[in-house]
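**Q** only the shape, not the letters, is given here:
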RNA sequence: CGGGAUGUAGCGCAGCCAGGUAGCGCGCUUCGUUCGGGACGAAGAAGCCGGGAGUUCGAAUCUCCCCAUCCCGACCA
């Protein structure tokens, strides 16, 4: 492709609205342009890279035996009502109606659509197991789109769904997909960390996310270097500290005018935040629940929601808190609460002589002891693990890393097949409900993550497997004769099956080299003075900066050899 | 949804406080000279100053409303 005829608008300056390096580089190197918040135009160069990633995904899906479909983007409301998610999905799902008032969702995901499709396409255990997939746009009304294509309102996802006769089959399908995911990211040149995860609104049990470690990641990962435990903070368990051995002091009441937050309490009592029993009122599926964690811990709403088995979970508003605890916000506590559904974090048992709200305005209890001052049952893991916490499997301290989620695989179980009445005949001719797995890759996000991981101060450094072109040919020709010679190099590479971006523009060498570095194709070939006079071309490897000279003859063969080395 | 910031030429910005009808750098067009690390000169084109309403003889500038974009937070009592 001749750059003189291409649209690859490179920029010298960072765009004002980008803050992360992949976003800046994608704009500056002419891969994408912002259309509006959370929506991006893929320009020819960006689309080529995106397609390369999709080609790899497709190849590995096919190798894993998955079958490619293409589902409608407009999904009928009836489908969502069958699964119960027309309500459950909330405002993140974009809804529209046609002229007859028929309601649709712009698909934010396709569990229902695929479950319905498979329901009508399979009839017998002989048809299973089957894994179906597509690469298609998803629409999500994100609260806050950001970081360029890393979180956008519209993005391409590869989503796959497996259907098996039993859990054993599901395990096999899951492991097949897991292996395929590792290969996909590996081929894209992306280092990923698989972590245990919460399965979120999709439902289901066993779940792993493929994370790319990055400062701009929106997820927190707990990682144990000694035993290899890795989990998303949403899910991460942690070893609990040993009980204190202090003597229990008598329960007292303290006047604490307007002292409400843990921060204020720490200052007021002059004690560390860990002695306070943080007591938070939630509304789970419409009923109030009191959740108690140590003051130095955060309640983990994912864990709490799972423990409660709740569909919805939100903090109670001030009025509800007052009705429920008999005190304004800031003075709730587990002592003398009567019959209130209360969930204690496991580590509450370790608190001796703690402090907590007295369920009375401007009052706290001091020297509160679990078991003595309130009955402690329902202890559950409902607080988030943090840096330094003991690993749940080996007990060594864990580290926290930030990560970008590029893939997510999980065992859905029977959630959709049951809700949507999928049934096939088993070997004995009796109806059976298949079990599902679900597997997603954010294609655009993968591209951004690759750039995040492969760049330097001059620009992108594409892995050869997904570079938009393989070679950046820079011509420094000044005369028609020299231009003709450069053209012959271009022709030789093209006919040798190499993808070439040919800089045949009339610009200065420095300008062209800077553009080549910014765009970051794996190899740069320069046709300069050396070539026009002696026939030697110069090849430079973008990643290493290594340069070598080579003869024009068999240039395509030479280049192919070098690309294979990369 | 709450808080903050910003909207002026394709891009990056100044001008606004102390109102007088818009400027700089990059990019773009033409010509000439240059040409292996973002060349130089000359001449150009390009802006309902985010939108609306108001104040004023006069508004990019002051007031009010709206919209958009970006950042932080989204309830941990």
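**A** Structure received. None of the values given here were measured: they were computed from a predicted structure.
**Q** in its sheet, which strands sit next to the helix or strand where residue A:364 lies, and in what direction?
**A** According to DSSP states H and E, residue A:364 maps onto strand A:363-368. In the sheet, strand A:363-368 lines up against strand A:252-255 (antiparallel), strand A:354-357 (antiparallel) (DSSP bridges).
**Q** quick one: neighbours of residue A:564, just the number.
**A** Residue A:564 is flanked by 8 other residues according to other Cβ atoms under 10 Å. Where C-beta positions appear, they are placed from N, C-alpha and C, glycine not excepted.
**Q** returning to what we had before: just give me how far the helix or strand following the strand holding residue A:364 sits from the chain centre.
**A** Later in the chain than strand A:363-368, the nearest helix or strand by DSSP H and E is strand A:379-380. Centroid separation between strand A:379-380 and its chain, computed with Cα atoms, centre = their mean, to the nearest Å, is 29 Å.
**Q** report the rounded mean pLDDT for strand A:379-380.
**A** On average, the pLDDT along strand A:379-380 is 84.
**Q** what packs against it?
**A** strand A:342-345 (3 or more Cβ pairs under 8 Å, 6 or more residues apart in numbering; DSSP states H and E).
**Q** list the contacts of the strand it packs on.
**A** Strand A:342-345 is contacted by residues A:289-294, A:297, A:299, A:304, A:307-308, A:334, A:370, A:376-383 when judged by Cβ atoms under 8 Å, 6 or more residues apart in numbering.
**Q** near RNA strand B at all, the lowest-mean-pLDDT helix or strand in chain A?
**A** Using mean pLDDT, DSSP states H and E, helix A:318-325 stands out as the lowest-scoring helix or strand of chain A, at a mean of 78. Yes: using Cβ under 7 Å from any atom of the strand, helix A:318-325 reaches RNA strand B at A:318, A:321.
**Q** which positions within that helix qualify as buried?
**A** Neighbour counts over helix A:318-325 (16 or more other Cβ atoms under 10 Å) mark A:321, A:322, A:324, A:325 as buried.
**Q** thinking the first one is in contact with residue A:328, fair?
**A** So the one you mean is residue A:321. Yes: Residue A:321 lies in contact with residue A:328 (Cβ atoms under 8 Å); the separation is 7.4 Å.
**Q** low-confidence regions, the stretch 201-350 of chain A specifically.
**A** Low-confidence segments of the stretch 201-350 of chain A, defined by pLDDT under 70: A:201-205, A:241-245, A:336-339.
**Q** point out the residues in it that sit beside RNA strand B.
**A** A:260-263, A:265, A:278-281, A:293, A:295, A:298-299, A:301, A:314-316, A:318, A:321, A:329-330, A:332.
**Q** mark which of these are buried, thanks.
**A** A:260, A:265, A:278-281, A:293, A:295, A:299, A:301, A:316, A:321, A:329-330, A:332.
**Q** restricted to strands, list these.
**A** A:278, A:279, A:280, A:281, A:293 (DSSP state E).
**Q** identify the farthest-apart pair in those.
**A** Across these, the longest distance by Cβ to Cβ is 12.9 Å; it joins A:281 and A:293.
**Q** tell me the strands in the stretch 151-300 of chain A, going along the chain?
**A** Using DSSP state E, counting those that start in this stretch, the strands assigned to the stretch 151-300 of chain A run over residues A:154-164, A:193-196, A:207-213, A:219-223, A:230-232, A:252-255, A:277-284, A:287-294.
**Q** can I get those in CSV with distance to residue A:92?
**A** Formatted as CSV, those follow (distance: least, Cβ to Cβ, whole Å):
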stretch, distance to residue A:92
strand A:154-164, 13
strand A:193-196, 23
strand A:207-213, 19
strand A:219-223, 17
strand A:230-232, 19
strand A:252-255, 44
strand A:277-284, 20
strand A:287-294, 24
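**Q** surely residue A:518 touches residue A:29?
**A** Yes: contact criterion Cβ under 8 Å: residue A:518 and residue A:29 qualify, at 5.0 Å.
**Q** can I assume residue A:253 is in contact with residue A:366?
**A** Yes: with contacts counted by Cβ under 8 Å, residue A:253 reaches residue A:366, the gap being 7.2 Å.
**Q** who's more crowded, those two?
**A** A direct count of neighbours by other Cβ under 10 Å for residue A:253 and residue A:366 places residue A:366 higher, at 19 against 12.
**Q** show me what that one is bridged to.
**A** In this entry, residue A:366 is beta-bridged to residue A:252, residue A:355, by DSSP bridges.
**Q** show me the contacts for it.
**A** Contact analysis of residue A:366 by Cβ under 8 Å, 6+ apart lists A:251, A:252, A:253, A:254, A:269, A:353, A:355.
**Q** can you check residue A:454 too?
**A** Going by Cβ under 8 Å, 6+ apart, residue A:454 touches A:189, A:460, A:461, A:462, A:463, A:520.
**Q** where does it fall, phi/psi-wise?
**A** phi -130, psi 80 (degrees, to the nearest 10).
**Q** mind naming the longest strand for chain A?
**A** If you go by DSSP E, chain A has its longest strand at strand A:399-413.
**Q** buried residues in it?
**A** A:401-413.
**Q** who are the packing partners of that strand?
**A** With contacts taken as 3+ Cβ pairs under 8 Å, 6+ apart, strand A:399-413 sits against helix A:167-187, strand A:193-196, strand A:207-213, strand A:219-223, strand A:435-442, helix A:443-453.
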